[in-house]
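Student: Give the three-dimensional model of this entry:
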Amino acid sequence: MKKALITGANKDIGFETARALLQHGYYVYLGSRNLENGKAAVEKLKAVGLDQVEAIMLDVTDEQSVQNARETIGSKTDMLDVLVNNAGINGGFPQSSLEAGIEQYKKVFDTNLYGVIRVTQFFIDLLKKSTEPRIVNVSSSGSSLTLHSDPTWKYYSHKAALYQSSKAALNMYTIDLAYQLKDTSFKVNAVCNILLPSMVPS
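Tutor: Alright, predicted model coming up:
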């Protein structure tokens with residue numbers, strides 16, 4: 001049975017990703033910053049017959065938490081097939097490039113970029129033991145430099161300096177990571193979260 005770890009998986013995209021992987025026969029480690037929320041999500045999945053899942057406490061902004069999660073999962077399995085770096089925050093609105101403070105930027109980048117790096121680096125050894133390892137980073141078309149430079153794009157006026165800059169940086173990290181692993185069995189991709197309404201200012 002293939003095994004997957006999903007960060008921020010107790011709700012929204014992460015939860016639905018967990019559901020989909022379970023339906024495809026994966027065993028899922030459901031990462032959640034709040035363990036009780038993670039356990040509640042697991043119970044929802046088990047209630048519909050998806051029982052190859054367990055909650056793992058994992059705060060991507062806390063290196064000790066990531067290390068603890070690695071040790072916990074490592075005590076249960078010696079291999080991980082899929083890592084979905086889903087945990088992310090939008091940073092709240094409005095988001096002005098001139099008015100948002102450095103601390104606001106740090107908070108968003110700590111989750112959306114540095115959190116991905118932390119988790120990837122801590123779990124890369126387990127992933128390397130899979131015959132078909134996959135790393136998926138959840139990003140957004142809302143971070144596209146090309147689209148946001150095009151006045152004809154329908155979301156051109158929806159600027160969110162914190163969120164979009166952090167996801168643009170994540171896209172570059174994903175490209176660099178894929179390049180570093182290009183001569184291995186890894187596949188590394190970014191996927192779009194389809195500009196969920198919660199990500200776009202009204």
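Student: list the contacts for the residue positioned nearest the centre of the chain?
Tutor: The chain has N86 as the residue nearest its centroid, 1.8 Å off, counting by Cα atoms, centre = their mean. By Cβ atoms under 8 Å, 6 or more residues apart in numbering, the residues touching N86 are 6-9, 13-14, 17, 138. Heads up, the C-betas are built off the backbone N, CA and C, glycines and all.
Student: try A9
Tutor: 15, 17-18, 28, 30-32, 38, 41, 84, 86.
Student: coming back round to it: what would the contacts of N86 look like in JSON lines with distance to S96 and secondary structure?
Tutor: Below are the contacts of N86 laid out as JSON lines (distance: Cβ to Cβ, whole Å; DSSP: H, G, I helix; E, B strand; the rest coil):
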{"residue": "I6", "distance to S96": "32", "secondary structure": "strand"}
{"residue": "T7", "distance to S96": "28", "secondary structure": "coil"}
{"residue": "G8", "distance to S96": "26", "secondary structure": "coil"}
{"residue": "A9", "distance to S96": "31", "secondary structure": "coil"}
{"residue": "I13", "distance to S96": "26", "secondary structure": "helix"}
{"residue": "G14", "distance to S96": "28", "secondary structure": "helix"}
{"residue": "T17", "distance to S96": "32", "secondary structure": "helix"}
{"residue": "V138", "distance to S96": "25", "secondary structure": "strand"}
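Student: top of these by neighbour count?
Tutor: A9 (33 neighbours; other Cβ atoms under 10 Å).
Student: any idea how far that residue is from Y29?
Tutor: For A9, the distance to Y29 equals 8 Å [Cβ to Cβ, to the nearest Å].
Student: coming back round to it: between the contacts of A9, which is nearest I175?
Tutor: Nearest to I175 among the contacts of A9 is V84, at 17.7 Å by Cβ to Cβ.
Student: will you turn the contacts of N86 into TSV that also has distance to Y173?
Tutor: Formatted as TSV, the contacts of N86 follow (distance: Cβ to Cβ, whole Å):
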residue	distance to Y173
I6	18
T7	15
G8	17
A9	20
I13	19
G14	19
T17	20
V138	13
